[in-house]
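In: The sequence and its predicted three-dimensional model are supplied below.
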Amino acid sequence: MLSWAIPLAMGIFTLAMALNLYRLAKGPDITDRILALDTLMINSIALLVLTDIRLQLGILFEAALLIALMGFVGTVAMSKYLLRGDVIE
Amino acid sequence: MTGLLELIITLLLLIGASIALLGSWGLARLPDFFMRLHGPTKASTLGVGATLLGSLIYFSSQQPGISVQEALITLFLFVTAPVSAHMLAKVALHRKLPLNPKTRNSFTKDE
Amino acid sequence: MIKSNWGFPRPFLSIFLVLLWLFLTNSFTWAQLLLGLFLGWLLPLVAHPFMPDQPHVRHPLLMLRYLLVFLADILSSNWVVARLLLGKPERLRPAFIHYPVELDNDYAITLLASTISLTPGTVSAHYDANTKQLLIHALHFEGEEAEMISQIKQRYENVLLEIFQC
């Protein structure tokens, strides 16, 4: 059952990422683009974990955690820059 | 692996993926920024959380002992999602982004 | 206050860090436990001066119940938002709501704002510390503003008030 469920779930997440890319390209304001990038990061975590199950590796967890950290820090840094013109006050 | 466990994992993965797709769908489709903010912060976080839960159950059934690392990512996502949403909303207020004309009450205090 | 804590200014944070380290390495060996204990001692000591005052948690069990209510709310109201997202976007009536906050402690306010952001349909956008008002954006809301305020107050803030007893 998992042999078709995992590729299907990966396909759905890829579709979600394509929608995020559409918003990233179109987004009228830079804020929309930051939001799209943030969502792209979150979806890529799920894709990475699914790849981990599919390939029976069990070691991609660290990469997923790093993406989660970088996504959050990146979003907050960009928001802070837009708010104050400075990242660290 | 037993059939029941496999069914649970399959359901978690597919439901999680669908919820995340719905969040991204909202992001692509809704008319103004504040409405778009709703999709990713909740739907995507919940969807990815469900997927990670499925992965946790899968790896726990594959090896002795439980694999808790996926739970850490889920926890991290749930803690950080409101913070980044709050920051982005603040930026949007600061930049005075155009609102959907149907929005009730302005964000300035009504005098 | 610091002297009476034996070099552990934040005991709960220390315990949390040790557990986090053990989960992160996903293996229990005595060497990892020792390293975790070292990190649990060092990090709070270094970070302590930068952190805001910690709240007094009076009812840890109530905290658990709050968490359960919160999880149930996330799951149960997510399908409402799902239906809204699948419907026509022209039908949605977004609204801004000014919510008066009663809580005093910074941690408690953060907890309330995060709860509001994670429960579907509402995002907390701005907190004004002078007027103690939280600006909330709702995706679709047709009732009265006061109705929404009393709902949030009953469900979350009163419990938080009881937990932290500001």
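Out: Sure, I can see it.
In: From now on I want contacts and neighbour counts done on CA atoms only, so please keep to that.
Out: Will do.
In: And the spatially most central residue of chain C, which helix or strand is it part of?
Out: When chain C is reduced to its mean C-alpha position, the closest residue under C-alpha atoms, centre = their mean turns out to be C:L111, at 2.5 Å. C:L111 belongs to helix C:106-118 when elements are defined using DSSP states H and E.
In: re earlier: check the gap between the residue nearest to the centre of chain C and A:F13 for me.
Out: Taking C-alpha to C-alpha, to the nearest Å as the criterion, C:L111 is separated from A:F13 by 30 Å.
In: With A:L47 instead?
Out: 7 Å.
In: when you scan the helix or strand hosting C:I149, is anything in it near chain B?
Out: The secondary structure element spanning C:I149 is helix C:145-152 (assigned by DSSP H and E). No - counting by C-alpha under 8 Å from any C-alpha of the partner chain, chain B has no neighbours in helix C:145-152; the shortest distance is 9.8 Å.
In: In terms of secondary structure, what does the helix or strand following that helix contact?
Out: Read in the C-terminal direction, the helix or strand following helix C:145-152 is helix C:158-164, with elements assigned using DSSP H and E. In this structure, helix C:158-164 packs against helix C:60-86, helix C:106-118, with contacts taken as 3 or more C-alpha pairs under 8 Å, 6 or more residues apart in numbering or on different chains; DSSP states H and E.
In: pLDDT wise, what is B:M87 at?
Out: We have a pLDDT of 90 for B:M87.
In: Do any residues in stretch A:32-47 lie close to chain C?
Out: No - on the criterion C-alpha under 8 Å from any C-alpha, stretch A:32-47 is out of touch with chain C, staying 14.1 Å away.
In: what's the average pLDDT for that stretch?
Out: For stretch A:32-47, mean pLDDT rounds to 92.
In: and stretch C:16-25, average pLDDT?
Out: Throughout stretch C:16-25, pLDDT has a mean value of 86.
In: Could you tell me how many residues sit around C:L43?
Out: C:L43 has 15 neighbours, counted by other C-alpha atoms under 10 Å in any protein chain shown.
In: Could I get the buried residue list for the helix holding C:L111?
Out: Neighbour counts over helix C:106-118 (16 or more other C-alpha atoms under 10 Å in any protein chain shown) mark C:108-109, C:111-118 as buried.
In: roughly how far apart are the residue nearest to the centre of chain C and chain B?
Out: Computed as C-alpha to the nearest C-alpha, to the nearest Å, the C:L111 to chain B distance reads 10 Å.
In: tell me the contacts of that residue?
Out: When the contact criterion is C-alpha atoms under 8 Å, 6 or more residues apart in numbering or on different chains, C:L111 has no partners at all.
In: ditto for C:L86
Out: Not one residue lies near C:L86 by C-alpha under 8 Å, 6+ apart.
In: Could you export the buried residues of helix C:106-118 as JSON lines, including pLDDT?
Out: Formatted as JSON lines, those follow (pLDDT from 0 to 100):
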{"residue": "C:A108", "pLDDT": "83"}
{"residue": "C:I109", "pLDDT": "86"}
{"residue": "C:L111", "pLDDT": "86"}
{"residue": "C:L112", "pLDDT": "88"}
{"residue": "C:A113", "pLDDT": "89"}
{"residue": "C:S114", "pLDDT": "88"}
{"residue": "C:T115", "pLDDT": "88"}
{"residue": "C:I116", "pLDDT": "87"}
{"residue": "C:S117", "pLDDT": "86"}
{"residue": "C:L118", "pLDDT": "84"}
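In: from those residues, which is closest to B:L21?
Out: Distance to B:L21 across the buried residues of helix C:106-118 (C-alpha to C-alpha) is lowest for C:L118, with 17.5 Å.
In: Distance-wise, check the closest one relative to B:P40.
Out: 11 Å.
In: before we move on, what about A:L24?
Out: When distance is defined by C-alpha to C-alpha, A:L24 is 13 Å away from B:P40.
In: do C:Y107 as well
Out: Applying C-alpha to C-alpha, the value for C:Y107 to B:P40 is 24 Å.
In: B:P31 too?
Out: If you measure B:P31 against B:P40 using C-alpha to C-alpha, the figure is 15 Å.
In: more crowded one of those two?
Out: The neighbour count for B:P31 versus B:P40, taken as other C-alpha under 10 Å, is higher for B:P40 (29 against 15).
In: So which bits of the helix holding C:I149 are buried?
Out: Along helix C:145-152, the positions that meet the burial threshold by neighbour count (16+ other C-alpha under 10 Å) are C:M148.
In: Show me which residues of chain A sit near chain B.
Out: Residues of chain A that fall close to chain B, judged by C-alpha under 8 Å from any C-alpha: A:1-2, A:5-6, A:8-10, A:12-13, A:15-17, A:19-20, A:22-23, A:31-32, A:35-36, A:39, A:42-43, A:45-46, A:49-50, A:53, A:58, A:61, A:64-65, A:68, A:72, A:75-76, A:79-80, A:82-83.
In: Now, those residues that are in helices?
Out: With helices defined by DSSP state H, the entries of the residues of chain A next to chain B inside them are A:2, A:5-6, A:8-10, A:12-13, A:15-17, A:19-20, A:22-23, A:31-32, A:35-36, A:39, A:42-43, A:45-46, A:49-50, A:53, A:61, A:64-65, A:68, A:72, A:75-76, A:79-80, A:82-83.
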